[in-house]
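**Q** Let's see this in three dimensions:
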Amino acid sequence: MLLVKSMKRLMCLLMIAMLFGCAQQQVQPPVQDVVQPPVQEEVVVEEPVQDEENLAQEEVVEVAELQENITEPVQDDRLYDSLEECEAVADECVSLMAPESLTGKFVPVGSVKEGEAFNLPSGMLTPRHVCEEGLGPVTHIEMRDGECGGVPMCKCFICLKCGDGICGPGENYCNCNRDCFIKE
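**A** Numbering: from 1, shown residues only. Model prediction:
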């Protein structure tokens, strides 16, 4: 009896397996050829091995090439080292205060460029004609720790294009808040 039960179970399982196999074959879609993209091989470029002597020689060549490309700074013919030298070629001269690279230099009136600050000489009453054409003299007030540094004790001015809508060289919130809106 146990043998008959086992046989029946085995037959049922076999029939289920056959039915499942047939059903599975009917449901499966036909196999289509799938085109795989070609696999790109990674190209490894090996650097040539150089010894320290060759590297040192290459560095010397690179430095020499750089030195050949160095040009002398552009000579600014309007700058003079002393007031006397400047006054020998111009009726009136002013002393530059900024940028720092020009501090202590003298230039003829009418030739101070945008962003350059100057000290008005004691005999000159107005800074009106000191700047290049198109620029205006504005009291030179610098930003200090995000605040305006106060009015200077000297007759110090800076040549600016204040009012053109661009926060240009030498302009800041303190001396031209029409162009520079942020305290920096």
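**Q** right, and Gly104 touches Ser95 too?
**A** Yes. Counting by C-beta atoms under 8 Å, Gly104 touches Ser95, with 7.1 Å between them. For glycine as for every other residue, the C-beta is placed from the backbone atoms N, C-alpha and C.
**Q** Who has more neighbours out of the two?
**A** Ser95 (17 against 10; other C-beta atoms under 10 Å).
**Q** Okay, and the beta partners of the more buried one?
**A** Phe106, Asn119 (DSSP bridges).
**Q** State the distance from it to Asp76.
**A** 15 Å (C-beta to C-beta, to the nearest Å).
**Q** same deal with Ala117?
**A** According to C-beta to C-beta, Ala117 stands 16 Å off from Asp76.
**Q** Can you pick out the residue with more neighbours from these two?
**A** Ranked by neighbour count (other C-beta under 10 Å), Ala117 and Asp76 place Ala117 first, with 25 against 12.
**Q** and that one, backbone torsions?
**A** Backbone torsions of Ala117, given as degrees, to the nearest 10, read phi -100, psi 150.
**Q** For it, which residues are in contact?
**A** Ala117 makes contacts with 96-98, 140, 156-159, 170, as judged by C-beta atoms under 8 Å, 6 or more residues apart in numbering.
**Q** ok, and the most crowded of those?
**A** Counting by other C-beta under 10 Å, top hit in the contacts of Ala117: Ile158 with 29 neighbours.
**Q** Export the contacts of Ala117 to JSON lines and append columns for distance to Cys148.
**A** Formatted as JSON lines, the contacts of Ala117 follow (distance: C-beta to C-beta, whole Å):
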{"residue": "Leu96", "distance to Cys148": "22"}
{"residue": "Met97", "distance to Cys148": "17"}
{"residue": "Ala98", "distance to Cys148": "16"}
{"residue": "His140", "distance to Cys148": "11"}
{"residue": "Cys156", "distance to Cys148": "14"}
{"residue": "Phe157", "distance to Cys148": "16"}
{"residue": "Ile158", "distance to Cys148": "14"}
{"residue": "Cys159", "distance to Cys148": "19"}
{"residue": "Gly170", "distance to Cys148": "15"}
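**Q** Low-confidence stretches in the chain?
**A** Residue ranges of the chain with pLDDT under 70: 1-75, 150-152, 184.
**Q** just the helices in it please.
**A** 2-27, 52-69, 83-87 (DSSP state H).
**Q** Verify the contact between Pro127 and Ile158 for me.
**A** No. Pro127 is beyond contact range of Ile158, at 9.8 Å (criterion: C-beta under 8 Å).
**Q** Show me the common contact partners of these two, please.
**A** In contact with both Pro127 and Ile158: 118, 137, using C-beta under 8 Å, 6+ apart.
**Q** Sweet, I'm off.
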